[in-house]
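In: Predicted coordinates and the sequence they were generated for:
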Amino acid sequence: MTDPITVKITILKPVHKVWDYFYNPKHIVKWNFPTTNWHCPKAESDFREGGRFDYRLEYKDKSFGYNFSGYIDEIRLLENVKSHLDDGRRIEVQFNKIDENTTEIVEIFEPEVQNSTEMQRVGWYAILDRFHKYVENN
């Protein structure tokens, strides 16, 4: 990866639950957006190597939105997933089991060119933090 951005967070739940909530579309629609004026009305995933994922993120007032979509390249069960977006950028998500009830998630992604690196880091971290709160509260 060329100059990747890394964000990480520790979640006080077992790795199997964190994994399920991260990749199961019924959960993705509940947390995959950066702020409360956004939502994720659609999440589809053929969760297998070579499978496609497609998540729709948009403002609740429908003034702007985009699809976050691509293909899954490699799955190491309960450890990591490597994928690439439709524009070719690569993403890796690592699930580090700290103990029986603690999991660290590390997301490493290639930035896009439209927004600053810091804006992207803040946005991805906001989504990861929303995920963290969703998992720990459900």
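Out: That came through fine.
In: separation between I91 and I72?
Out: Relative to I72, I91 is positioned 10 Å away (Cβ to Cβ, to the nearest Å). All C-beta spots, glycine's among them, are computed from the backbone N, C-alpha and C.
In: shared neighbours of those two, anything?
Out: Taking Cβ atoms under 8 Å, 6 or more residues apart in numbering as the criterion, I91 and I72 both touch K82, S83.
In: which strands and helices sit next to the lengthiest strand in the chain?
Out: When every strand of the chain is counted residue by residue (DSSP state E), the longest turns out to be strand 65-76. Contacting strand 65-76 under the criterion 3 or more Cβ pairs under 8 Å, 6 or more residues apart in numbering; DSSP states H and E are the following elements: strand 52-59, strand 80-85.
In: can you put those in TSV and add mean neighbour count, distance to K30 and mean pLDDT?
Out: Formatted as TSV, the helices and strands packed on strand 65-76 follow (neighbours: other Cβ atoms under 10 Å; distance: least, Cβ to Cβ, whole Å; pLDDT from 0 to 100):
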stretch	mean neighbour count	distance to K30	mean pLDDT
strand 52-59	17	12	98
strand 80-85	17	19	98
